[in-house]
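J.: heads up, no residue letters with this:
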Ligand SMILES: Nc1nc2c(c(=O)[nH]1)N[C@@H](CN(C=O)c1ccc(C(=O)N[C@@H](CCC(=O)O)C(=O)O)cc1)CN2
């Protein structure tokens, strides 16, 4: 995306004239719209909009000052993010390497337009892989007795590295409610099932016992309700009576890493608008 390019995202009560008003403001300020999406949600009466804007001819401040008047008139929640400012994504992992390795490859190849300031883990298994990529590895063990201190240290490092996004790339500890409330819409998890089926730590074993014919993965924002946050992306793959739970674990890895990569990319490109416990994704 060129210099001076931004993404403008808006959500507001639906009414006549929103697109016209926003487009008129952009035209009056010589802003080129390179991509535009909007959605009116009849059920909630809410309207959602995403515009990619290039060649903004006015200063960021002037744009915000001018647009805030429209936002007030239309009761908008809005964000204007420069595409030149990379988001800072802190990764968290336990012992499984497939999602972490996939994200580190996509980052090192430039596919993921973000910075990864550090990786936090409650185990040492991934230390070598992460440090091979030249990224700091922070080991914070979690036990039933040290959770408050452990997650206080997590917050310390999130703040230290000024991370704006936290990705749980198969991090197998429950994030405390306080952290979920501190970073709403900023913590992304990959759950290894096709939610809402099989929440918890062992979904493939649950799937095997149930005898399902499809298994999958779900990328979602983390809330204090386990595996119940707003869904960003999902996918499935077919299984049969022949697959054991262990074989399902293997088949699921590809689905997990691709769903997480897609979901994170949508988040990084401001393509995900959350409303209540649901999302609008302008993919
Ligand atoms: N507040 C939340 N925290 C986490 C979520 C979430 O949705 N909200 N997702 C999990 C990931 N996850 C499944 O995707 C998951 C991870 C861990 C567990 C669990 O029961 N963990 C046990 C400990 C297990 C262990 O030590 O190996 C526990 O924490 O007591 C369930 C689901 C990440 N966190």
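T.: Perfect, thanks for sending it. For clarity, every value in this text was computed on a predicted model and none was experimentally measured.

J.: how about the contacts made by residue 167?
T.: Listed by C-beta atoms under 8 Å, 6 or more residues apart in numbering, the contact partners of residue 167 are 89, 90, 91, 92, 103, 187, 188, 189, 260, 264. No exception for glycine: its C-beta is placed from N, CA and C like everyone else's.

J.: after the helix or strand it falls within comes which helix or strand?
T.: Counting by DSSP states H and E, the element that carries residue 167 is strand 165-168. Per DSSP H and E, the first helix or strand lying C-terminal to strand 165-168 is helix 177-182.

J.: and that following helix, what does it pack onto?
T.: The contact analysis (3 or more C-beta pairs under 8 Å, 6 or more residues apart in numbering; DSSP states H and E) places helix 177-182 against helix 147-160.

J.: the strand holding residue 167 near the ligand at all?
T.: Yes - between strand 165-168 and the ligand, judged by C-beta under 6 Å from any ligand atom, the touching residues are residue 168.

J.: run me through the strand neighbours of that strand, direction for each.
T.: With DSSP bridges as the test, strand 165-168 is paired with strand 87-93 (parallel), strand 187-191 (parallel).

J.: what's the spacing between the last one and its chain's center?
T.: Just to be clear, that refers to strand 187-191. With C-alpha atoms, centre = their mean, to the nearest Å as the basis, strand 187-191 stands 7 Å off its chain's centre.

J.: over to the first one?
T.: Computed by C-alpha atoms, centre = their mean, the separation of strand 87-93 from the middle of its chain amounts to 10 Å.

J.: now do the domain split for the protein, please.
T.: 5-82, 87-281 (automatic domain parsing).

J.: need those domains in a markdown table with mean pLDDT, can you?
T.: Below are the domains of the chain laid out as a markdown table (pLDDT from 0 to 100):
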| stretch | mean pLDDT |
| --- | --- |
| domain 5-82 | 96 |
| domain 87-281 | 98 |
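
J.: which of the ones you listed is buried the deepest?
T.: Of the domains of the chain, the one with the most neighbours on average (mean count of other C-beta atoms under 10 Å) is domain 87-281, at a mean of 18.

J.: ends of it, what's the gap?
T.: 18 Å (C-alpha to C-alpha, to the nearest Å).

J.: go on, stretch 49-63?
T.: Chord length of stretch 49-63, first to last residue, is 17 Å (C-alpha to C-alpha).

J.: do I have it right that residue 151 meets residue 179?
T.: Yes - here residue 151 reaches residue 179: they are 5.8 Å apart, a contact under C-beta atoms under 8 Å.

J.: could you check how far the residue lying closest to residue 193 once chain neighbours are set aside is from the ligand?
T.: Leaving aside its sequence neighbours, residue 193 sits nearest to residue 203 (C-beta to C-beta, 6 or more residues apart in numbering; 3.5 Å). Going from residue 203 to the ligand by C-beta to the nearest ligand atom, to the nearest Å gives 8 Å.

J.: which bits of the stretch 51-200 of the chain sit near the ligand?
T.: Residues of the stretch 51-200 of the chain lying near the ligand (C-beta under 6 Å from any ligand atom): 168, 171, 172, 173, 174, 175, 180, 189, 191, 200.

J.: which single one of the residues you listed is nearest to residue 53?
T.: Nearest to residue 53 among those: residue 189, at 30.9 Å, using C-beta to C-beta.

J.: any idea what that closest one is bridged to?
T.: Going by DSSP bridges, residue 189 forms beta bridges with residue 168, residue 220.

J.: contact partners for it?
T.: Counting by C-beta under 8 Å, 6+ apart, residue 189 makes contact with 167, 168, 171, 219, 220, 221, 222, 227, 229.

J.: name the SS class of the last one, please.
T.: Of the three states, residue 229 takes coil under DSSP: H, G, I helix; E, B strand; the rest coil.

J.: just checking, it touches residue 223?
T.: Yes - counting by C-beta under 8 Å, residue 229 does reach residue 223; the two are 4.0 Å apart.

J.: now do the shared contacts for the two.
T.: With C-beta under 8 Å, 6+ apart, residue 229 and residue 223 have common neighbours residue 277.

J.: ok, residue 282 to the ligand distance?
T.: For residue 282, the distance to the ligand equals 24 Å [C-beta to the nearest ligand atom].
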